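>>> coords please:
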Amino acid sequence: MDTLKLTKTNGDTTEVTAAEYGHYIYDHYEQHDFIWSQDFMRYRRNHVTASLAAKLKAGMDELSCALVDHMEDMYDLLPMLGHVLIQKDAVLTAEDQKRCQLWQQKAANNELPDFYKQLPMFCQPEYVNQYGLYDSDPQVLAYINGKDIIDGGAYMGDTTLLFHEMFPQSRLYAVEPASTNIKYMQERTLAPLLGQSVSQSVSQSGASPMYLSSVRSPSTPL
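Have a look, this model is predicted:
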């Protein structure tokens, strides 16, 4: 059987069969798409993002600065998206990889509701981190609970799930302009919470009311 000789980053070489190589690629690499890639590339062509990133990082902690630098590196890959395979671990920082492992551990131990497993991989570490709310003043969180919350740019509903958990007495409005993301929320992320026909898109879960709606323009039909 034919074998392939692979060279690791440390210089070591190993031989694998074509089937083994195919399984390795499948397990460790994936293709990414980003619906706003053209807009981001256009912005980066017209702005000196290095200086903007430096201003953004001023006063930030080390982990936050590492995340900004990592995102800048990922944006450099935008022109190639759709044409190359990217190592799965490359989309996350080292800290986010740890949080992803924590998420997977919680899921394996059945410590999370089933619908949380619907979140895309890159949303999981942020969810475990509660999007920075984990270290917020408890009095502030208590004050928010019961107030109306608008999740503007709800994306795939990850923050909406978090708000539903943290603020059970609040009325939630998930607003998202992209029809593909609306469909994802209706069919996957928020489907168990909507609790009725997704066409009505209003939560009947018995906890906080939830409204899923869209922002559209004549050029962006849903």
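>>> quick one: the closest residue to residue 8 other than its chain neighbours from residue 85, how far?
By the measure of Cβ to Cβ, 6 or more residues apart in numbering, the closest residue to residue 8 outside its immediate chain neighbours is residue 14, 7.1 Å from it. For glycine as for every other residue, the C-beta is placed from the backbone atoms N, C-alpha and C. Distance, residue 14 to residue 85, by Cβ to Cβ, to the nearest Å: 19 Å.
>>> and residue 95, by the same measure?
Here the criterion is Cβ to Cβ. By it, residue 95 lies 24 Å from residue 85.
>>> which one's more surrounded, the two?
residue 95 (16 against 12; other Cβ atoms under 10 Å).
>>> so which helix or strand takes in the closest residue to that one other than its chain neighbours?
Nearest non-adjacent residue to residue 95, counting by Cβ to Cβ, 6+ apart: residue 63, 5.4 Å away. Take DSSP states H and E as the rule and residue 63 turns out to sit in helix 62-75.
>>> and that helix, how far out from the chain middle?
Relative to its parent chain, helix 62-75 has a centroid offset of 15 Å by Cα atoms, centre = their mean, to the nearest Å.
>>> buried set for that helix?
Buried positions in helix 62-75, judged by neighbour count with 16 or more other Cβ atoms under 10 Å: 65-68, 70, 74-75.
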